[in-house]
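# how would this look folded up:
(one chain, ligands or ions: 2)
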Amino acid sequence: MITSIPLVLGIETSCDETAVGIVAGRKLLANVISSSVEEHAKFGGVVPEIASRAHLEAMQGVIRAALSEAKVSINDIDAFAVTAGPGLIGALLVGTSSAAGLALGLDKPLYGVNHLSAHIAVDSLDSDHKLDPAIALLVSGGHSSILQVNELTSDVITLGSTIDDAAGEAFDKIARILELGFPGGPAIDLDARSGNREAVDFPRGLTLAKDLIDHRYDFSFSGLKTAVSRYLAKTPGYIRADISASFQEAVVDVLLTKAIGAAKEVGIEVLIIAGGVAANSRLRESAEERCEKAGIRLRIPPMNLCTDNGAMVAALGSLALTNGLAPSEIGLTADSASGVARAIF
Ligand code: KG4
Ligand code: ZN
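Ligands and ions are numbered 1, 2, ... in the order given. The predicted structure follows:
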């Protein structure tokens, strides 16, 4: 029985970051990340087998570094949390096996957590505000959704999702076309700073009146990708920074129009923006302006907690523990395609 503020260690290995976070209740004590991104860059995307091996090699060191940063011993940890899905199956299994081994060896509860819910759980850290109810705009490399978060560990409704590419994936694909390297999000963000976001009026997917009937809160970015490619093909002397800025503006505009629209229409006046794309500087700036105008309270995690990290996993584990949720089975496996409806496995 845990009576004082629980210490939770969270492990994240769903993609190319081997990450461990430690929290005491809602207080962040450590956040250590080892990334294999450079090993993937030459392939233009994450190679699953390379990612799994890199997790195995990095795991022990990252756990030790996190314990040392938090100034606690492994024996002090009250519960272990680990991303159990969605993500790359081999990569996830390194995390779930490591966490299960620790939980079994130390006789502590294990929480298999949903990566998408964990991105939102970051909002609970280092503050005692009530996280939910909120509308969440979850934008990462694999997912783009608008969620109605009534209670994060038990009641999340998906209002809309992308019907093709995720927002981060669109950034990565356009960056490849513009030869800006991988991962594309940060590269476009940087390039766009010296560009004119009004240079080209790229299409905003699924925003026409006829689209809104069936796809009110859904996204589509594949038409935008085609429009950028076509524009580049017919405009030999284009200015790259203008393309980056105009493309970024089209993505940001459609994300915010739909997310703020959902908050207004559902009647929940808090918008949380989470996931890797929430690190985008133009999205952060525009969200602030537009939410203020719309009377919506905006919450976005600090930049380093937007992209994948272990603190988010520990944060969700800690919420599950505090809310009295039953721990996962020690034989917990990974679910590469899980949706957001289930916060704890
Ligand atoms: O959440 P995340 O770290 O991993 C997944 O769960 O997918 O998100 C990674 C995605 C990548 O597609 C990356 O290009 C994008 O987030 N990203 C950004 C920025 N930083 C990361 N996109 C736009 N602007 C950024 N500054
Ligand atoms: Zn993520």
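
# got the residues of this structure near ligand 1?
For the chain, the residues in contact with ligand 1 (Cβ under 6 Å from any ligand atom) are 15, 140-142, 168-169, 171-172, 183-186, 189, 275-277, 279-280, 307-308. Where C-beta positions appear, they are placed from N, C-alpha and C, glycine not excepted.

# Of the residues you listed, which belong to helices?
Using DSSP state H to define helices, the subset of the residues of the chain next to ligand 1 located there is G168, E169, F171, D172, G184, G185, P186, D189.

# In contact with the fourth one, which residues?
Read that as D172. G45, G141, F182, P183, G184, G185 (Cβ atoms under 8 Å, 6 or more residues apart in numbering).

# And V122, how far from L316?
Here V122 is placed at a distance of 9 Å from L316 (Cβ to Cβ, to the nearest Å).

# ok, for P186, nearest residue in space, not its chain neighbours?
If the residues on either side of it in the chain are set aside, P186 comes closest to A279, at 7.4 Å by Cβ to Cβ, 6 or more residues apart in numbering.

# pretty sure the one you found contacts L305?
No. Between A279 and L305 there is no contact under Cβ atoms under 8 Å: 9.1 Å.

# buried residues in the worst-scoring helix or strand of the chain on mean pLDDT?
Of all regular secondary-structure elements in the chain, judged by mean pLDDT, DSSP states H and E, the least confident is helix 37-41 with a mean of 91. Buried positions in helix 37-41, judged by neighbour count with 16 or more other Cβ atoms under 10 Å: H40.

# tell me what that helix is packed against?
Identification of packing neighbours for helix 37-41 by 3 or more Cβ pairs under 8 Å, 6 or more residues apart in numbering; DSSP states H and E yields helix 48-70.

# how long is stretch 207-220 from one end to the other?
10 Å (Cα to Cα, to the nearest Å).

# Please apply the same query to stretch 183-198.
Distance between the two ends of stretch 183-198: 24 Å, counting by Cα to Cα.

# contacting residues around it?
37, 141, 168, 171-176, 178, 180-181, 239-249, 276-277, 279-282.

# Show me which of the ones in helices among the residues of the chain next to ligand 1 is closest to A134.
G168 (21.1 Å; Cβ to Cβ).

# Can you tell me the closest non-neighbouring residue to that closest one?
Residue nearest to G168 in three dimensions, not counting chain neighbours: G141, with 3.7 Å by Cβ to Cβ, 6+ apart.

# A245 now?
Residue nearest to A245 in three dimensions, not counting chain neighbours: G195, with 3.3 Å by Cβ to Cβ, 6+ apart.

# For the residue most central in space within the chain, list the residues it contacts.
Here the mean C-alpha position of the chain is nearest to the C-alpha of G275 (Cα atoms, centre = their mean), at a distance of 2.4 Å. For G275, the contact set (Cβ under 8 Å, 6+ apart) comprises L116, H119, L138, V139, S140, H143, G168, C306.

# Let me have these in TSV, adding pLDDT and distance to E151 as columns.
Compiled in TSV, the contacts of G275 are given as follows (pLDDT from 0 to 100; distance: Cβ to Cβ, whole Å):
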residue	pLDDT	distance to E151
L116	96	15
H119	97	16
L138	97	16
V139	97	22
S140	95	22
H143	92	20
G168	96	27
C306	98	23
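
# will you turn those residues into a markdown table that also has neighbour count?
What follows is these, written out as a markdown table (neighbours: other Cβ atoms under 10 Å):
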| residue | neighbour count |
| --- | --- |
| L116 | 30 |
| H119 | 31 |
| L138 | 26 |
| V139 | 32 |
| S140 | 26 |
| H143 | 22 |
| G168 | 26 |
| C306 | 24 |
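
# residue boundaries of the helices in the stretch 51-200 of the chain?
Along the stretch 51-200 of the chain, counting by DSSP state H, counting those that start in this stretch, helices occupy 89-106, 115-121, 167-177, 184-192.

# same question, the stretch 201-345 of the chain
Counting by DSSP H, counting those that start in this stretch, the stretch 201-345 of the chain forms helices over residues 209-215, 222-234, 240-266, 281-294, 311-322, given from the N-terminal end onward.

# of the ones you listed, which approaches L106 most closely?
For those, the distance to L106 is smallest for helix 311-322, at 14.6 Å, taking Cβ to Cβ.

# I'd like the domain boundaries of the chain, if you could list them.
Taking automatic domain parsing as the domain assignment, the record places the domains of the chain at 7-126+306-322, 134-301.

# Which residues of the stretch 1-150 of the chain lie near ligand 2?
The stretch 1-150 of the chain has residues S140 near ligand 2, with proximity defined as Cβ under 5 Å from the ion.
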